[in-house]
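Q: how would this look folded up:
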Amino acid sequence: HHRYFQSEDDLRAERVGEPHGQTKGDADREPFGNRKCVHFEAGLTGVGKTGIGTALLIHAITAGHRGRFITFPELIDNFNKSIAAHNEDRILRYFARFECLQIDELGYVDIEPAQVGLFFRLMSMRHRTKTTIVTTNLGFQEWGKFLKNQQLTAALLDRLTENAHVINMRNCISIRPKGA
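A: Residues are numbered from 1 along each chain as shown. Below you'll find the predicted structure:
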């Protein structure tokens, strides 16, 4: 089951609120509780998706978890290098080992079927075992066109959203200054 948050207060209430029996002190020590899940920040450019995701990642690292930040274009570049070197399993194990992985800017570069397959495998490896933070400018309905494989997209989104927090920032206004 995934939850949609419209504000930081909604997110804060979910993280430290009554539903999971946590107190604020518990949430400060354990940023994601005992749950391994996916955090989605989806919205237009400049609304703060990366900032929110990075804050969650830093909180996890500060609490003692192993974490890693990577942009989606960098992840795809790593996949390409692993395909060329015939060591795809090695790169997947590398990214699967982090307790908290932030993948930033999903949807900003085109990807090929081999890369889609590796992304699917990575997300499957992390499913229910590790926390993943994904920032994207794409709504879920746009993922099929982006990934160019409807069946794989359906399976991927089923896994990713089964235990997810979704912060919908589609109606937010850019925080970047205009015309500097």
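
Q: any idea how far whichever strand or helix holds V116 is from the chain center?
A: Per DSSP states H and E: V116 is located in helix 113-126. Centre-to-centre, helix 113-126 and its host chain are 14 Å apart (Cα atoms, centre = their mean, to the nearest Å).

Q: next one: stretch 132-151
A: On Cα atoms, centre = their mean, the centre of stretch 132-151 falls 12 Å from the chain's centre.

Q: ok, and for it, which residues are buried?
A: 132-138, 143-144, 146-147, 149 (16 or more other Cβ atoms under 10 Å). No exception for glycine: its C-beta is placed from N, CA and C like everyone else's.

Q: What helices and strands are in contact with the helix holding V116?
A: Under the contact definition 3 or more Cβ pairs under 8 Å, 6 or more residues apart in numbering; DSSP states H and E, helix 113-126 sits against helix 72-84, helix 88-96, helix 150-162.

Q: Among the buried residues of stretch 132-151, list the two that are farthest apart in space.
A: Pairwise distances across those peak at 23.5 Å for I133 and N149 (criterion: Cβ to Cβ).

Q: sorry, back to before: what about the helices and strands packed on helix 113-126, which gets the closest to H39?
A: Here helix 150-162 is closest among these (Cβ to Cβ), at 10.4 Å.

Q: can you pull the buried residues of the closest one?
A: Neighbour-count burial for helix 150-162, counted by 16+ other Cβ under 10 Å, picks out 152-153, 156-157, 159-161.

Q: Low-confidence ranges, this protein, go.
A: Residue ranges of the chain with pLDDT under 70: 1-35, 179-180.

Q: At the geometric centre of it, which residue sits there?
A: V134 (1.9 Å; Cα atoms, centre = their mean).

Q: Which neighbours in the sheet does the strand or helix carrying that residue have, and how are they oriented?
A: Using DSSP H and E, the element containing V134 is strand 131-136. Counting by DSSP bridges, the strands paired with strand 131-136 are strand 38-43 (parallel), strand 100-106 (parallel).

Q: Of all those strands, which one is nearest G64?
A: The closest of the strands paired with strand 131-136 to G64 is strand 100-106. By Cβ to Cβ, the value is 10.7 Å.

Q: and that closest one with helix 113-126, angle?
A: 150 degrees (axes from the mean of the first three to the mean of the last three Cα atoms, to 10 degrees).
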